[in-house]
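[1] I'll drop the sequence and a predicted model, then ask my questions.
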Amino acid sequence: MRRIRLLRAIALFSTGLLAGAFGYGAANLVPTFNAVPIEMRLDFHAELMKMNGITMQAAMAVSALSALALAASVRGRARLLAGAAGLLTVSAFLITRFGNVPINGHIKQWAATAPPPDHAEILRRWELFNDARTATATLAFGLLIALALQRSSGECGGQQGRCPHLV
């Protein structure tokens with residue numbers, strides 16, 4: 001039971017951080033990127049991706065692994081919620097790896113040289129990938145919140161520690 005509570009806490013915390021970071025980026029960084037001259041955006045974006053490469057991948061890994069480990073440790077609806085949250089964070093990783101990261105490589109090159117004539121369309125695609133990964137991470141966080149609320153609502157007749165859906 002202690003292991004399940006620890007996994008639930010780690011999954012909830014790490015996925016909340018992930019959704020929050022993506023949400024902050026979508027709500028604040030992207031509009032700022034779009035408000036400054038393209039050269040400034042490219043320089044800042046390239047530098048930001050150096051930092052994000054480590055921290056965001058670590059957050060995605062901890063989120064996915066803890067949610068999937070939680071799913072393997074519980075039963076019933078809890079397994080479904082935790083498993084779906086884990087798959088959504090894996091989706092956020094895949095969107096990032098195969099959508100945003102290749103474009104980040106182009107942005108890094110453009111910062112050192114010049115953007116191509118179709119750069120606005122490529123940056124719009126980056127933003128669409130960013131919106132998709134933000135949505136998947138946020139939905140995963142919502143599912144883990146639902147799981148935490150299910151646990152705290154005394155769903156199994158107040159039999160703490162004996163609920164067959166959570167053990």
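    It's in. This is a predicted model, so every value here is computed, not measured.
[2] how distant is the longest helix along the chain from the center of its chain?
    What stands out as the longest helix in the chain, according to DSSP state H, is helix 38-73. Relative to its parent chain, helix 38-73 has a centroid offset of 7 Å by CA atoms, centre = their mean, to the nearest Å.
[3] between the helix or strand Ser14 falls within and helix 38-73, how big is the angle?
    Per DSSP states H and E: Ser14 is located in helix 2-24. Using axes from the mean of the first three to the mean of the last three CA atoms, to 10 degrees, the inter-axis angle of helix 2-24 relative to helix 38-73 is 160 degrees.
[4] Other residues contacting helix 2-24?
    55-56, 59-60, 62-63, 66-67, 69-70, 73-74, 82, 85-86, 89, 92, 130, 133-134, 137-138, 140-141, 144-145, 147-148, 151, 166-167 (CB atoms under 8 Å, 6 or more residues apart in numbering). C-beta: built from backbone N, CA, C; applies to glycine.
[5] Secondary structure element holding the residue most central in space within the chain?
    Ranked by distance to the mean C-alpha position of the chain (CA atoms, centre = their mean), the top residue is Ala137 at 3.5 Å. For Ala137, the host element (DSSP H and E) is helix 119-152.
[6] now that helix against helix 38-73, angle please.
    30 degrees.
[7] Buried ones in helix 119-152, by neighbour count?
    Within helix 119-152, the residues scored as buried using 16 or more other CB atoms under 10 Å are 119, 123, 126, 129-130, 132-141, 143-144, 147, 150-151.
[8] packing partners for it?
    Packing contacts for helix 119-152, counted by 3 or more CB pairs under 8 Å, 6 or more residues apart in numbering; DSSP states H and E, involve helix 2-24, helix 30-35, helix 38-73, helix 76-95, helix 101-112.
[9] how about Pro115, secondary structure?
    Assigned by DSSP: H, G, I helix; E, B strand; the rest coil, the conformation of Pro115 is coil.
[10] okay, now the nearest residue to it once chain neighbours are set aside: neighbour count?
    Spatially, and ignoring its direct neighbours in sequence, Pro115 is nearest to Ile38 (6.1 Å; CB to CB, 6 or more residues apart in numbering). Using other CB atoms under 10 Å, Ile38 has 16 neighbouring residues.
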